[in-house]
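Participant: Generate coordinates for the sequence data below:
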Amino acid sequence: MSKSNRLLLFISIITLAFISCSKSDWKHFFDHHKKDVVSARNLPLTGSQEVPEKITPASGKVDVRYNLKTKKLEFTLSWKELTGIPTGAHIHGTAARGSNAGIKYDFFDLIPKTTSGTFSNSVTVDGIAIKEDSLLLGYYYFNMHTPTNPGGEIRGQIEFD
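Facilitator: Predicted coordinates:
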């Protein structure tokens with residue numbers, strides 16, 4: 001058998017294999033190979049991400065971990081040098097960088113009311129308040145509010161590695 005005939009036979013077999021698989025077979029294959037957990041560390045919380053931008057000594061960081069099977073978004077926020085005691089702390093969405101959006105998850109009552117601190121929690125991505133596809137595309141953000149900056153003092157977009 002010539003080299004070109006063997007190549008043609010190989011291509012024919014591969015094509016037949018692709019055609020014979022159902023859509024659910026391919027979905028199962030790709031789902032099986034998809035990551036179960038996505039994460040990002042040290043996402044910045046800054047005044048420059050606020051819309052409009054805020055000049056503030058405050059800063060912070062966020063570590064996030066999302067489990068695609070359990071639909072849990074876990075996060076740890078750390079902040080320092082807020083201009084006052086926090087008056088709000090939330091996840092907002094859906095909005096890309098440079099845009100604002102409404103509150104989707106309010107965790108203000110749970111955080112320490114300090115100008116510097118750390119807080120960990122988790123939220124279920126329920127497909128209503130927080131939608132998985134938008135979360136994975138980076139359309140949600142953390143926001144911390146103070147009396148000096150009631151619209152938000154520091155903000156951090158949730159963007160996975």
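Participant: Report the spatially nearest residue to G47, omitting neighbours in sequence.
Facilitator: What sits nearest to G47 in space, not counting adjacent residues and going by CB to CB, 6 or more residues apart in numbering, is K54, at 3.6 Å. To be clear about C-beta, it is placed using only N, CA and C from the backbone, and glycine gets the same treatment.
Participant: tell me the phi and psi of D133?
Facilitator: Dihedral angles of D133 (phi, psi; degrees, to the nearest 10) stand at phi -60, psi -40.
Participant: circling back: number of nearby residues for the residue nearest to G47?
Facilitator: Taking other CB atoms under 10 Å as the criterion, the count of residues near K54 is 20.
Participant: which SS state does the closest residue to P147 other than its chain neighbours fall under?
Facilitator: Closest residue in space to P147, ignoring its immediate chain neighbours: G84 at 4.6 Å, by CB to CB, 6+ apart. Secondary structure, DSSP: H, G, I helix; E, B strand; the rest coil: G84 is coil.
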